[in-house]
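> Here is the input, now give the coordinates:
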Amino acid sequence: MKKILLILILIIPFLSTQAQEEDPYLIRMHVIEIEGNTNAFIQANKDYYKPLAVQAVKDGKWAGWAMFRSFSQGNVFVFFHHYSSPEQYAKGGSIWGSDIAKKLGLEAPDTSKWTWKSSNGNNLWQVNATVLDEEPSNYMIFNKFKFSYPDKQKFIENNRAWGELVVKPRLKEVKGLNWAVATLITSSSYKDQESTMFNGISFDGFDSMEQILHQRSYKENGGMAVNPNFQNFQKYVNENELTGFNTAVESSIYEAIDSSWD
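Next up, the predicted model:
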């Protein structure tokens, strides 16, 4: 069973919809574009890099590792590196060293079968809330947001309300429904207090692609808009002035490939 965000989100077997102020849980999202043999790249990660990631967890260098593949761009992968605290991130040390691989009896993959380029930097995100199912998510929808400088707290509180009022009530009816929200903490760029980059993200987990397609398909009867949980959420955020904070939203689907929790 894939424990994938049973920890990404799953990621974090610690957060509920409440904040974790004293010891923030951090994730690094590393986006890689592959040219060449993507199947060989995937296999190399399963056979070589995953065992190194698992060993790094045992050594306390980080809290976990997970690999996702874009549904719409099959050569784009996102890796999640998890840290249970800023101290763990700062003191993590080498993870991919050849000396560690040698001790584990791992044979280095033939990297000539592909080339890669990174499309983002070393940014870290703080996970602000999660709602977890007892089942893993095989697919995730990544929702990226831009919010203005004064509206970070509003963004977080709006999403926590979504997790509490919309996601939690659906756990028993939707398999693999894991959810989390995070905010960017190592980079920022604002113009007239409006962010020029995506600085918030949420994750919606599903058991299958069929679930996602049903969820996103147009419904003549109104779909989610007539759902009482969604209506409760709308009422709550309107009454508490937790709306109108984001200036852009981008959504994409990713398939869970592997993780250090499997």
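> just for the stretch 101-250 of the chain, where's the confidence low?
For the stretch 101-250 of the chain, applying pLDDT under 70 flags no range at all.
> any chance you could map the helices in it?
Remark: helices assigned in the stretch 101-250 of the chain by DSSP state H, counting those that start in this stretch are 152-162, 209-216, 228-239.
> Of the ones you listed, flag the one that's most buried.
Of the helices of the stretch 101-250 of the chain, the one with the most neighbours on average (mean count of other Cβ atoms under 10 Å) is helix 152-162, at a mean of 21. Glycine gets a C-beta too; all of them are placed from N, C-alpha and C.
> Roughly how far does the nearest residue to residue 241 once chain neighbours are set aside sit from residue 128?
Using Cβ to Cβ, 6 or more residues apart in numbering and skipping the chain neighbours, the partner closest in space to residue 241 is residue 154 (7.8 Å). As for residue 154, its distance to residue 128 is 12 Å (criterion: Cβ to Cβ, to the nearest Å).
> can you pull the contacts of residue 30?
Neighbouring residues of residue 30 by Cβ atoms under 8 Å, 6 or more residues apart in numbering: 78, 79, 80, 81, 118, 120.
> Now for residue 37, how many residues are close by?
Neighbour count for residue 37, taken as other Cβ atoms under 10 Å: 14.
> which residues does it contact?
Contacts for residue 37 (Cβ under 8 Å, 6+ apart) come out as 113, 114.
> ok, it to residue 236 distance?
49 Å.
> With residue 38 instead?
Distance from residue 38 to residue 236, by Cβ to Cβ: 43 Å.
> likewise residue 245?
When distance is defined by Cβ to Cβ, residue 245 is 15 Å away from residue 236.
> and the gap between residue 155 and residue 237?
Distance from residue 155 to residue 237, by Cβ to Cβ: 11 Å.
> Also residue 154?
In terms of Cβ to Cβ, residue 154 sits 9 Å off from residue 237.
> How many residues are close by the closest residue to residue 215 other than its chain neighbours?
Closest residue in space to residue 215, ignoring its immediate chain neighbours: residue 206 at 7.3 Å, by Cβ to Cβ, 6+ apart. Residue 206 has 22 neighbours, counted by other Cβ under 10 Å.
> Strands along this structure, start to end?
Along the chain, the segments classed as strands by DSSP state E run 26-36, 64-70, 76-83, 114-118, 124-131, 139-147, 179-184, 190-191, 194-195, 200-206, 246-259.
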